[in-house]
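>>> Next come a sequence and a model predicted from it.
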Amino acid sequence: MTAIAPPLGQPSAPRTYVIDPEWVRSFRRAIPALAKKSDSQGDREIPLTFPFVLQPNPIPGLRMPDSGLVHGTQRFRYVSPLRIGETVTVVAEVSGYKERGGTAFVTLTTRAIHADGTDAFEAESLLLYPAGDEASSQVTPDP
């Protein structure tokens, strides 16, 4: 694999969401332990892993492979809770990159802020682009 290093520190364009109660209900129903709660309990609670549905815009210069991507690790740091009906803005950036043994290790950091400008959460994910099919495993710049 001949990977081209993605642009470190390059942010995505901000993407703004309003936390929709139906998104939260659907997300909760997909998790058996949470699905057992009554709707009245769940309507007030946002599951800790819910931020995964708040996807940032693409990062200029980073194209995700069509296949072969492995999710290594992830870390969340919550600063303040998300609430139904509130507006949050999400931005991602490539915060780390290295190659070892034909595999590219790309660290993505995603940050969300509340409408008042205060931090909501920060998430970090390590993605592995394994060696193999050249067309599907390269980290390449956008055309």
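In hand now; what should we look at? Bear in mind that the values here come from a model prediction, so they are computed numbers and not experimental data.
>>> where along the protein do the helices fall?
Using DSSP state H, the helices of the chain run over residues 21-29, 32-35, 39-42, 134-137.
>>> Name the residues of the longest one that are buried.
By neighbour count with 16 or more other Cβ atoms under 10 Å, helix 21-29 contains the buried residues W23, V24, F27, R28. No exception for glycine: its C-beta is placed from N, CA and C like everyone else's.
>>> Wait, R111 touches V90, no?
Yes: between R111 and V90 there is a contact at 7.3 Å, judged by Cβ atoms under 8 Å.
>>> All the strands of the chain, residue numbers only.
Using DSSP state E, the strands of the chain run over 15-18, 70-78, 87-100, 103-114, 119-129.
>>> what's the least confident stretch among those?
With a mean of 85, strand 70-78 has the lowest mean pLDDT of the strands of the chain.
>>> give me the number of residues near D20?
Neighbour count of D20, defined by other Cβ atoms under 10 Å: 12.
>>> hang on, the earlier thing: determine which two of the buried residues of helix 21-29 are furthest apart.
W23 and R28 (9.6 Å; Cβ to Cβ).
>>> circling back to that earlier point, rank the helices of the chain by pLDDT, which is bottom?
helix 134-137 (a mean of 39).
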